[in-house]
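K.L.:
Provide a 3D model corresponding to the input given below.
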Amino acid sequence: MKLLKYILVLGATIVASSCANVVDEVNPTHILDSSNAFKSIENYEAALNGAYAQLRSVNSYGRNQSSIPDMMSDNLSESPENLPQGTRGMVDWVYAADNGAVDNAWVGLYSVVDAANLVINGIDAFTTPANQKTANRIKGQAFALRAWTHFDLLKWYANSYDRNSTDPGVPVMTTVSSTNPNFRPARATVKEVYDRIFADMNEALRMLADVDKAINTTTRRVNIDVTTVNAMLARISFYARQDADAIRYATTVIGALPLASRAQFPGIWRDENAIEVAWSVRFNPGEGGPALEVYSPAGNDRASFDASADLVALYDRTNDVRFNIYMASGFSTRTSRPAARFIPIKYLGKGANRDGIVDFKVLRTGEMYLIRAEARLRGGDGAGALQDLNTLRTARIQNFTAGTESGATLTQAIADERRRELFLEGHRWFDLKRTTRTINRQNCRPPATQCTLANSSNRWTWPIPTTELDANPNMTQNAGY
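P.N.:
The predicted model follows:
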């Protein structure tokens, strides 16, 4: 793999969890790996923190898994304030195999897998009966991270999400790249990738059920615990159309993390509480933010994207608590903007800050209700689906009158609610992709040049990077590239 040209900067990883969030291309004279860099179980805990730190990269939750799915869909409208940057090709769906963002995403995500493998494959040498629970806590999180990152790769680079699909997926990596200098893996099938994901998640559940101490606190949930793994499994099972499993895992999370009240809900987005949050990616000053390429409030006050007019129209502006938390008419920290522009302020900052630095909420109970609703409807339980949808709407919308939708109308209502609830949380592109819908940008305007995307387009799947194809003769390209 191309990843073999890279190494993790392990010295920084071991020292602190705030290490660099990307890997650098180098020409090393030697490789640091678990055989010569780790001397204790504590080293592996630091390495796990380093794996978490890489999630803040733009190749992960610093952009690609947070805001890019809204940029590429119909939730955001590119504004004249946007500057030429790496997302330009993404917005207009003109990416090719040599696109830098596509290439960096591949390397960045596999670097997280590599960091997780470093922990998984090395920690047993320092595990004893006395520290077994500590090892479980560290290794269990690494198993979950490896599985979750393979799932993120699958979402971008595979055409099919069906559980038993024999379509090409992505390479499954279970060893540290530096220990396999001649490894040239072929793409596993989608089914084979899922097999590895579910095996790793089940191992994570087993280990994290028997640990030495609490992994998260009630006020900040930035590490992976049993509840997080259940939420991960709910989403993964949902994509794989294993609806009974998706319902079961989502129900477990709903029982553990009740929905926030309308009074509590605003505090989630300012990191004042972690109510209904199953997992966040931590962002601190100097480490970027999950949506700074959408709206960067500090310094230049650049709003590169606005909430699209058709998205804005979905909200009850008066009664829906989400509306004024997620966007604001004409908002600015320095200059004036027309009231007709709705600026995304969901990630404005912690507390009263306006710097765009706030934790990214990867998994929440709100999503679990929507997963369970759609899975129930697909399984023929329309009444249960409607109950879940009404529960969520009642929690978010003051004086909400319970809906009575059924059939196709209920399907659309759930889709609309996913759009309202999960705006800028990394879902819209994949929701459209997995349901084979089209994109029709209602208020398409310059600098965007592409306004529609057919459900038959090959652009729904990213190309395998040219550099990967050049380095690995066993790699195959996606159709149309």
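
K.L.:
every contact and neighbour count from this point should use C-alpha atoms.
P.N.:
Fine.

K.L.:
who touches the residue most central in space within the chain in this structure?
P.N.:
By Cα atoms, centre = their mean, the chain has its centre lying nearest to Q65, at 4.0 Å. The contact partners of Q65, taken as Cα atoms under 8 Å, 6 or more residues apart in numbering, are N59, D152, E425, G426.

K.L.:
need the max-distance pair from the residues you listed.
P.N.:
Greatest spacing in the contacts of Q65, by Cα to Cα: N59 and E425 (14.9 Å).

K.L.:
quick one: the residue nearest to the centre of the chain and F423, what's the gap?
P.N.:
Distance, Q65 to F423, by Cα to Cα, to the nearest Å: 12 Å.

K.L.:
do the same with Q387
P.N.:
According to Cα to Cα, Q387 and F423 sit 22 Å apart.

K.L.:
of those two, which one has the most company?
P.N.:
Remark: of Q387 and F423, F423 carries more neighbours, 24 against 16, as counted by other Cα atoms under 10 Å.

K.L.:
element containing the more buried one, please.
P.N.:
Assessed by DSSP states H and E, F423 sits outside every helix and strand.

K.L.:
can you get me a residue count around G407?
P.N.:
11.

K.L.:
was I right to think it contacts G382?
P.N.:
Yes - here G407 reaches G382: they are 7.4 Å apart, a contact under Cα atoms under 8 Å.

K.L.:
the helices in the stretch 351-481 of the chain, which residues?
P.N.:
Using DSSP state H, counting those that start in this stretch, the helices of the stretch 351-481 of the chain run over residues 365-378, 382-396, 407-421, 428-434, 466-471.

K.L.:
mind putting those into JSON lines with distance to D355 and mean pLDDT?
P.N.:
Converted to JSON lines, the helices of the stretch 351-481 of the chain look like this (distance: least, Cα to Cα, whole Å; pLDDT from 0 to 100):
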{"stretch": "helix 365-378", "distance to D355": "26", "mean pLDDT": "98"}
{"stretch": "helix 382-396", "distance to D355": "26", "mean pLDDT": "98"}
{"stretch": "helix 407-421", "distance to D355": "23", "mean pLDDT": "98"}
{"stretch": "helix 428-434", "distance to D355": "25", "mean pLDDT": "98"}
{"stretch": "helix 466-471", "distance to D355": "36", "mean pLDDT": "96"}
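
K.L.:
looking at those helices, which is buried most?
P.N.:
helix 365-378 (a mean of 24; mean count of other Cα atoms under 10 Å).

K.L.:
secondary structure element for the residue nearest to the centre of the chain?
P.N.:
Counting by DSSP H and E, no helix or strand carries Q65.

K.L.:
kindly report the same for K133.
P.N.:
Counting by DSSP H and E, the element that carries K133 is helix 132-157.

K.L.:
same for the helix or strand just after that helix, what does it pack against?
P.N.:
Helices and strands here follow DSSP H and E; after helix 132-157, the next one along the chain is helix 190-208. Where contact means 3 or more Cα pairs under 8 Å, 6 or more residues apart in numbering; DSSP states H and E, helix 190-208 is packed against helix 132-157, helix 226-239.

K.L.:
what angle do helix 190-208 and helix 226-239 make?
P.N.:
160 degrees (axes from the mean of the first three to the mean of the last three Cα atoms, to 10 degrees).

K.L.:
tell me the confidence at the residue nearest to P80 when sequence neighbours are not counted?
P.N.:
Using Cα to Cα, 6 or more residues apart in numbering and skipping residues adjacent in sequence, the residue nearest P80 is P447, 6.5 Å away. Note for P447: predicted pLDDT of 77.

K.L.:
give the contact list for P447.
P.N.:
Shown in contact with P447 (Cα under 8 Å, 6+ apart): E78, S79, P80.

K.L.:
M368 now?
P.N.:
Applying Cα under 8 Å, 6+ apart, we find M368 in contact with A231, A234, A250, T251, V253, I254.

K.L.:
in TSV: those, plus pLDDT.
P.N.:
Output for the contacts of M368, formatted as TSV (pLDDT from 0 to 100):
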residue	pLDDT
A231	99
A234	99
A250	99
T251	99
V253	98
I254	98
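
K.L.:
hmm, which two among these are most spread apart?
P.N.:
The widest separation within the contacts of M368 (Cα to Cα) is 10.9 Å, between A234 and I254.

K.L.:
so these two - more neighbours on which side?
P.N.:
Per other Cα under 10 Å, whichever of A234 and I254 has more neighbours is A234, with 29 against 22.

K.L.:
quick check: the more buried one touching A250?
P.N.:
Yes - here A234 reaches A250: they are 5.2 Å apart, a contact under Cα under 8 Å.

K.L.:
need the residues touching each of these two.
P.N.:
Common contact partners of A234 and A250 (Cα under 8 Å, 6+ apart): M368, I371.

K.L.:
returning to that earlier point: for the contacts of P447, which one is nearest A274?
P.N.:
Checking those one by one against A274 (Cα to Cα), the nearest turns out to be E78, at 31.0 Å.

K.L.:
show me what contacts that closest one?
P.N.:
Contacts of E78 (Cα under 8 Å, 6+ apart): M71, S304, F305, D306, R445, P446, P447, A448.

K.L.:
the fourth one falls within a helix, correct?
P.N.:
No - assessed with DSSP: H, G, I helix; E, B strand; the rest coil, D306 is strand; it does not lie in a helix.

K.L.:
what helix or strand is E293 located in?
P.N.:
In the assignment (DSSP H and E), E293 maps to no helix and no strand.

K.L.:
offset the numbering so it begins at 54, please.
P.N.:
Got it, first residue is 54 now, which makes that one E346.

K.L.:
thought it was touching D354?
P.N.:
No - E346 lies out of contact with D354 (Cα under 8 Å); the separation is 11.1 Å.

K.L.:
okay, the two: which has more neighbours?
P.N.:
In this view E346 and D354 are compared by other Cα under 10 Å, and E346 has more residues nearby, 24 against 17.

K.L.:
how close does the more buried one get to M124?
P.N.:
Separation of E346 from M124 (Cα to Cα) stands at 10 Å.

K.L.:
how about S164?
P.N.:
S164 is 24 Å from M124, where distance means Cα to Cα.

K.L.:
same question, Y302
P.N.:
30 Å.

K.L.:
of these two, which one has the most company?
P.N.:
Just comparing Y302 and M124: by other Cα under 10 Å the higher neighbour count belongs to M124, 27 against 24.

K.L.:
phi, psi for the more buried one please.
P.N.:
Dihedral pair for M124: phi -60, psi -40, per degrees, to the nearest 10.

K.L.:
pLDDT wise, what is the nearest residue to it once chain neighbours are set aside at?
P.N.:
Of all residues not flanking M124 in the chain, V144 sits nearest, at 5.9 Å (Cα to Cα, 6+ apart). Reported pLDDT at V144 in the predicted model: 91.

K.L.:
and if you look at F179?
P.N.:
Note on F179: pLDDT of 97.

K.L.:
I'd assumed D434 was in contact with S459.
P.N.:
No - using Cα under 8 Å, S459 makes no contact with D434, being 10.3 Å away.

K.L.:
burial count for the closest residue to E325 other than its chain neighbours?
P.N.:
Setting aside the residues directly before and after it, E325 is nearest to G404 in space (Cα to Cα, 6+ apart), at 6.4 Å. G404: 13 surrounding residues under other Cα under 10 Å.
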